[in-house]
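could you work out the structure for the sequence below:
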Amino acid sequence: MVGFIEQCERLPQPPIIGLLTGNIRLGAEIKLRHVGLWERFETGAFADDHEERDQIAAIARDRGSALLKRPLAGKEVLVIGDTLHDIRCGRAIGARVLAVATGGSTIEELTSHKPDWVVKDLRGSMAVDVMA
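The predicted model follows:
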């Protein structure tokens, strides 16, 4: 993930990087501070914002819109996740989805749910391609 974020930060027009997670905010912060990633996220939405992941995705999109001071279209949002729930919540807000087979789902399972991209992991990932 670090390499992907670094690639995004080097793009000519770097995206706002937000965190969408089923963890509560404090739990996510503790986990990500431990690996030096928390500060990389400009915004986010968490389990303590709503109990339904699709609604957490909508909250994350709306917070990104507030930062940009304009509505975000779904196609301007990229959800990166490693579960079928991540694909579903990305689709619920019309986002593009990059599925990563680093969780409990296989590439085949993720592919069957029709994300825009499926990769084994984010090493050597194509930030330029998915952010275009």
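
give me the element residue 91 is part of.
helix 84-92 (DSSP states H and E).

which is the next helix or strand following that helix?
Scanning forward in sequence from helix 84-92, with DSSP H and E defining helices and strands, the next element found is strand 96-100.

show me what the following helix or strand past that next one is packed up against.
From strand 96-100 onward toward the C-terminus, using DSSP H and E, the following helix or strand is helix 107-112. Identification of packing neighbours for helix 107-112 by 3 or more C-beta pairs under 8 Å, 6 or more residues apart in numbering; DSSP states H and E yields helix 84-92, strand 117-119. Where C-beta positions appear, they are placed from N, C-alpha and C, glycine not excepted.

with respect to residue 68, which of the ones you listed lies nearest?
Distances from residue 68 to each of those were compared by C-beta to C-beta, and the smallest falls on helix 84-92, at 18.5 Å.

what residues sit buried inside that closest one?
Of the residues in helix 84-92, those buried under the neighbour-count criterion (16 or more other C-beta atoms under 10 Å) are 84, 86-92.

ok, residues contacting the top helix by length along the chain?
Scanning the chain for the longest helix, with DSSP state H as the assignment, gives helix 53-68. Contacts to helix 53-68, defined as C-beta atoms under 8 Å, 6 or more residues apart in numbering, come from residues 16, 18-22, 42-47, 49-50, 71-72, 74, 77, 79, 85-86, 88-90, 92-93, 95.

please check these and keep the buried ones.
Among the contacts of helix 53-68, the ones that count as buried by 16+ other C-beta under 10 Å are 16, 18-22, 43-47, 49, 72, 77, 79, 86, 88-90, 92-93, 95.

which helix or strand in this structure has the lowest average pLDDT?
Least confident helix or strand of the chain, by mean pLDDT, DSSP states H and E, is helix 127-131 with a mean of 59.
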